[in-house]
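S.K.: Provided below for reference: sequence and predicted model.
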Amino acid sequence: MYRFCYATDIYKWADEQCQLHYSDIKHTGATALTLQQDYSFYTVQKVYDGDTVLLSDGRKIRLLGINTPEIEHSGKTAQAGGQEAKQWLKQ
């Protein structure tokens, strides 16, 4: 089992539709979170791209500190390496 340590601040904010977002980049109106190290295990139901997954409990998770090329979605063209990043995460 791998253990990951984080060394960055995590910020939380709500958009115009009141959906919550989390990021390691501070946005206007964002508040810093205090994280406690914890372990939980979930099944990944779907891999959206190389850095975003859907968990079995319904949460859509974006991996912080990971930025992979985008795949084709919402009318946007794919970036080089996007499909490879998605396949890697599936593995």
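M.R.: That came through, no problem.
S.K.: the domain parsing of this protein - what is it?
M.R.: The chain breaks down into these domains under automatic domain parsing: 1-39, 43-91.
S.K.: okay, the ones you listed, which one's buried deepest?
M.R.: For the domains of the chain, average neighbour numbers computed from mean count of other CB atoms under 10 Å are highest in domain 43-91, which has a mean of 13. C-beta: built from backbone N, CA, C; applies to glycine.
S.K.: Now do that one: distance to the chain's middle.
M.R.: Relative to its parent chain, domain 43-91 has a centroid offset of 8 Å by CA atoms, centre = their mean, to the nearest Å.
S.K.: Give the rounded mean pLDDT of that domain.
M.R.: Taken as a whole, domain 43-91 carries a mean pLDDT of 90.
S.K.: That one: end-to-end distance?
M.R.: One end of domain 43-91 sits 13 Å from the other (CA to CA, to the nearest Å).
S.K.: Give me the most central residue, this protein.
M.R.: Taking CA atoms, centre = their mean, the centroid of the chain lies closest to residue 62, which sits 0.6 Å from it.
S.K.: pull the CA atoms of stretch 9-16 into PDB?
M.R.: The C-alpha coordinates for stretch 9-16 follow below in PDB (Å, rounded to 0.1, in the frame of the first residue of the first chain):
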ATOM      1  CA  ASP A   9      -3.300  24.000   1.200                       C
ATOM      2  CA  ILE A  10      -6.700  22.900   0.000                       C
ATOM      3  CA  TYR A  11      -9.500  25.400  -0.700                       C
ATOM      4  CA  LYS A  12     -13.200  25.100  -0.800                       C
ATOM      5  CA  TRP A  13     -15.700  27.300  -2.500                       C
ATOM      6  CA  ALA A  14     -19.200  27.300  -4.100                       C
ATOM      7  CA  ASP A  15     -20.000  28.400  -7.600                       C
ATOM      8  CA  GLU A  16     -23.000  30.300  -8.900                       C
END
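S.K.: Find the helix or strand that residue 83 is a member of.
M.R.: helix 82-90 (DSSP states H and E).
S.K.: ok, residues contacting that helix?
M.R.: Residues outside helix 82-90 that contact it (CB atoms under 8 Å, 6 or more residues apart in numbering): 47, 48, 49, 50, 51, 53, 68, 69, 70, 71, 72.
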